[in-house]
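In: Provided below are the primary sequence and the corresponding predicted coordinates.
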Amino acid sequence: MIRTTIYGIGLGTLFLSSGAIATSVTEPNLIPMSSHISSDTVKIAQSTINTAAIEQSVFTQINNYRASKGLTKLTRNSAIDNQARIHSQNMASGKVAFGHTGFQDRLKAIGISYTAAGENVAYNQGSTDPATQAVQGWLKSPGHLANIVGNYNLTGVGVASNSKGQIYFTQIFLRT
């Protein structure tokens, strides 16, 4: 994980079991705007993935972890959710590579003034509990964990899947 103070991007890559991968980034002091996209249940490979339920599970697990460490819970924000979801959809469709491409643009599109921002991304495939697999992978990675326990107060979670059965996760963190 590399961190710099102005417009710095810290990246980490983690390979999880069951073919899952995750990365994290932290970016301070950028100025944002807004966009909207809905979360729907997506039908893939003879199974239905309820992306809204997976997003809620990630959010709940992250807040439960923060509370277990004596940290304040994060507030979920729909504008942040929308940008996280768009990024997950873009990764799932192959429009952008897996990673943090466009992070500064997502922050601008959110439309909330902030003093610090971070992002965790992951994908997995074939898991019976994809949200827990992604969160547990993040918790085992120092870079991802730094975002999870960071001094943030707002978050958004976006999940998308593709025809290969891969599920992509994006969680954005902001301090306002």
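Out: Here it is on my side, so go on.
In: Ala152 contacts Gln171, correct?
Out: Check again: residue 152 is Tyr, not Ala. No. Look at Tyr152 against Gln171 with Cβ atoms under 8 Å: they stay out of range, at 10.3 Å. Where C-beta positions appear, they are placed from N, C-alpha and C, glycine not excepted.
In: for the helix or strand containing Ala67, what is the average pLDDT?
Out: Using DSSP states H and E, the element containing Ala67 is helix 51-68. Taken as a whole, helix 51-68 carries a mean pLDDT of 98.
In: now stretch 78-96
Out: Computed over stretch 78-96, the average pLDDT equals 97.
In: Tell me the spacing between Tyr67 and Gln56.
Out: No Tyr there; residue 67 is Ala. 16 Å (Cβ to Cβ, to the nearest Å).
In: Quick check on the two: which one has the bigger neighbour count.
Out: Legend: neighbour count by other Cβ atoms under 10 Å for Ala67 and Gln56, higher for Gln56 (16 against 11).
In: Specify the local secondary structure of the closest residue to the more buried one other than its chain neighbours.
Out: Of all residues not flanking Gln56 in the chain, Val157 sits nearest, at 7.9 Å (Cβ to Cβ, 6 or more residues apart in numbering). At Val157 the chain is in strand, as set by DSSP: H, G, I helix; E, B strand; the rest coil.
In: what does Ala160 give?
Out: Here Ala160 is strand, with the state taken from three-state DSSP.
In: neighbours around it, how many?
Out: Neighbourhood size, Ala160 [other Cβ under 10 Å]: 28.
In: before we move on, back to that, more neighbours: Tyr152 and Gln171, which one.
Out: The neighbour count for Tyr152 versus Gln171, taken as other Cβ under 10 Å, is higher for Gln171 (30 against 23).
In: so which strand or helix has Tyr168?
Out: Secondary structure from DSSP H and E places Tyr168 in strand 166-175.
In: tell me what that strand is packed against?
Out: helix 51-68, helix 78-93, helix 103-110, strand 116-125, helix 130-139, helix 142-148, strand 154-161 (3 or more Cβ pairs under 8 Å, 6 or more residues apart in numbering; DSSP states H and E).
In: picking that back up, could you give the angle of the helix holding Ala67 to helix 78-93?
Out: For helix 51-68 against helix 78-93, the angle by axes from the mean of the first three to the mean of the last three Cα atoms, to 10 degrees is 120 degrees.
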